[in-house]
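**Student:** Got a sequence here, can you model it:
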Amino acid sequence: MNSRQVNEVFQVIKTSLAILVAMVCAFVFIFLISNEPLTAIRAFLLGPFSSIRRFGNMIEFFIPVCFTALGACVIFSIGQCSVIGEGTAFFGGLVAAWVAIQTGRGGIGTQVLAFFAAALVCGLIAMIPMYLKLRFGADLFVDSLMMNYVLLYVGIFILNYSIRDPEIGMTASYSIPEGAGLPVLIPKTQVNFALVLALLAIVGTVLLMDKTRLGYQMRLIGSNSQFAKYCGIPIGKVCMLSALVGGILSGIGGAAEMLGRYERFQWLGLPGFGWDGILIATIAGFKARNVLIAAMFIAYIRTGADIMNRTSDVPSELIIIIQSLLILMIASRGFMAKIHQKLIVRHVKSNTSEV
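**Tutor:** Take a look at the predicted model:
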């Protein structure tokens, strides 16, 4: 076992223990506040699998956040903190709806055009905060955070003055043409073809990050930017490409959500997919190959908490406790630091004895 494998094993142990501690704390909380704690826990743990519809709810949540989590993994791989995924997911949904409405017809051609437009526009948008950082030294986190709200209000302006349907009693666009939406995969649910796209996106991102020159350059910049610079890697170019790919993934996620589950564009606020994506990417250790499991876990506990809220006396806000504890423990360098050190020392000693 090499040092890289030791670190990967430690991360698995650390994440698993963090999940266990968070779940135990949640169960203790349930026992303290619920009159029927066992019923609440049963609904939380088994609810997502109790019917096709509830299982579908879990998959429906998984699809968009899978894309934003992959986008976060790509951007964070270069050691930069950009939270533009929230705004680009919103804008991706808007662009997809706008294209579908403007074409006025359904079919695979409209779907491809809508996804392509969403990916292109959102990829270019995600590059703006990165360019400002590289060119002017701006704070990437602050710029990307503010850009989310710029995209929100620009999107609402486009909705109100370009595609709003004046004949309905709410703020929403004209109907997306029949046939422009994605086909349903599981009857009696809204699980649609976007699930296939999400799985393909995971495979593609893993191949990009682990099997290509660009992915290696991204990871090297993230681990040691000075060494990458001395190796002749064009840091600015790679960072811009990283932002482009991250924006494309988040934009596709928003487009998939819009064309897969909505008949009209009616988002009047940021949907939250970007923040959930960062949460999932953190649990996944910012590695694309771990996103599938991490996203399914978050989708599972979110769905379970919602079912528990509707069938027992425990509020769904319990999920906030679990997520907060997970992030605190996984992101903390001090959590299990001594165990990590012992694993490294044991590994070094074993290699020394073999020599």
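
**Student:** quick one, phi psi at residue 137?
**Tutor:** The phi/psi pair for residue 137 (degrees, to the nearest 10) reads phi 70, psi 20.

**Student:** Number of residues surrounding it?
**Tutor:** If you count neighbours by other CB atoms under 10 Å, residue 137 ends up with 8. (Each C-beta comes from the backbone N, C-alpha and C, glycine too.)

**Student:** do residue 233 as well
**Tutor:** Other residues near residue 233 come to 18 when the count uses other CB under 10 Å.

**Student:** residues contacting residue 134?
**Tutor:** Contacts of residue 134 were listed using CB atoms under 8 Å, 6 or more residues apart in numbering, and they are 236, 239, 240.

**Student:** Domain parsing of this structure, as residue ranges.
**Tutor:** 1-34+317-355, 58-313 (automatic domain parsing).

**Student:** Pretty sure residue 289 sits against residue 207.
**Tutor:** No: counting by CB atoms under 8 Å, residue 289 stays clear of residue 207, with 10.0 Å between them.

**Student:** More neighbours: which of the two?
**Tutor:** For the pair residue 289 and residue 207, the greater number of neighbours falls to residue 289 (16 against 13), based on other CB under 10 Å.

**Student:** Report the secondary structure state of the closest residue to residue 106 other than its chain neighbours.
**Tutor:** Once flanking residues are discounted, residue 106 sits nearest to residue 179: 2.0 Å by CB to CB, 6 or more residues apart in numbering. Here residue 179 is recorded as coil under DSSP: H, G, I helix; E, B strand; the rest coil.

**Student:** Counting neighbours, what do you get for residue 179?
**Tutor:** Residue 179 has 13 nearby residues by other CB under 10 Å.

**Student:** who's in contact with it?
**Tutor:** Neighbouring residues of residue 179 by CB under 8 Å, 6+ apart: 105, 106, 107, 110.

**Student:** surely the first one meets residue 180?
**Tutor:** It stands for residue 105. Yes: here residue 105 reaches residue 180: they are 7.5 Å apart, a contact under CB under 8 Å.

**Student:** more crowded one of those two?
**Tutor:** residue 180 (24 against 11).

**Student:** right, and that one touches residue 112 too?
**Tutor:** No: counting by CB under 8 Å, residue 180 stays clear of residue 112, with 10.7 Å between them.

**Student:** Would you mind measuring from residue 162 to residue 154?
**Tutor:** Here residue 162 is placed at a distance of 11 Å from residue 154 (CB to CB, to the nearest Å).

**Student:** Now do the helix or strand harbouring residue 279: everything it contacts.
**Tutor:** Using DSSP states H and E, residue 279 sits within helix 273-283. Under the criterion CB under 8 Å, 6+ apart, residues 15, 64-73, 76, 83-90, 148, 250, 253-254, 257, 290-291, 294-295, 297-298, 323, 326-327, 330-331 lie in contact with helix 273-283.

**Student:** so for stretch 39-59, what's the average pLDDT?
**Tutor:** On average, the pLDDT along stretch 39-59 is 93.

**Student:** Endpoint to endpoint, that stretch covers what distance?
**Tutor:** Using CA to CA, to the nearest Å, the end-to-end distance of stretch 39-59 comes out at 24 Å.

**Student:** Go through it and flag the buried ones.
**Tutor:** Neighbour-count burial for stretch 39-59 flags 39-41, 43-45, 47-48, 54-59 (criterion: 16 or more other CB atoms under 10 Å).

**Student:** got CSV for these, with secondary structure too?
**Tutor:** Formatted as CSV, those follow (three-state DSSP):
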residue, secondary structure
39, helix
40, helix
41, helix
43, helix
44, helix
45, helix
47, helix
48, helix
54, helix
55, helix
56, helix
57, helix
58, helix
59, helix
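
**Student:** Out of those residues, the closest to residue 124 would be?
**Tutor:** Nearest to residue 124 among these: residue 59, at 30.3 Å, using CB to CB.

**Student:** right, and that closest one touches residue 191 too?
**Tutor:** Yes: assessed by CB under 8 Å, residue 59 is found in contact with residue 191 at 4.7 Å.

**Student:** Going along the chain, name the helices of the stretch 51-200 of the chain.
**Tutor:** Using DSSP state H, counting those that start in this stretch, the helices of the stretch 51-200 of the chain run over 52-76, 85-103, 108-136, 140-158, 194-211.

**Student:** what would those helices look like in TSV with distance to residue 225?
**Tutor:** TSV is the format used below for the helices of the stretch 51-200 of the chain (distance: least, CB to CB, whole Å):
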stretch	distance to residue 225
helix 52-76	14
helix 85-103	22
helix 108-136	12
helix 140-158	14
helix 194-211	17
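
**Student:** Between those, which one is closest to residue 229.
**Tutor:** Between the helices of the stretch 51-200 of the chain, helix 108-136 lies closest to residue 229; by CB to CB that is 13.0 Å.
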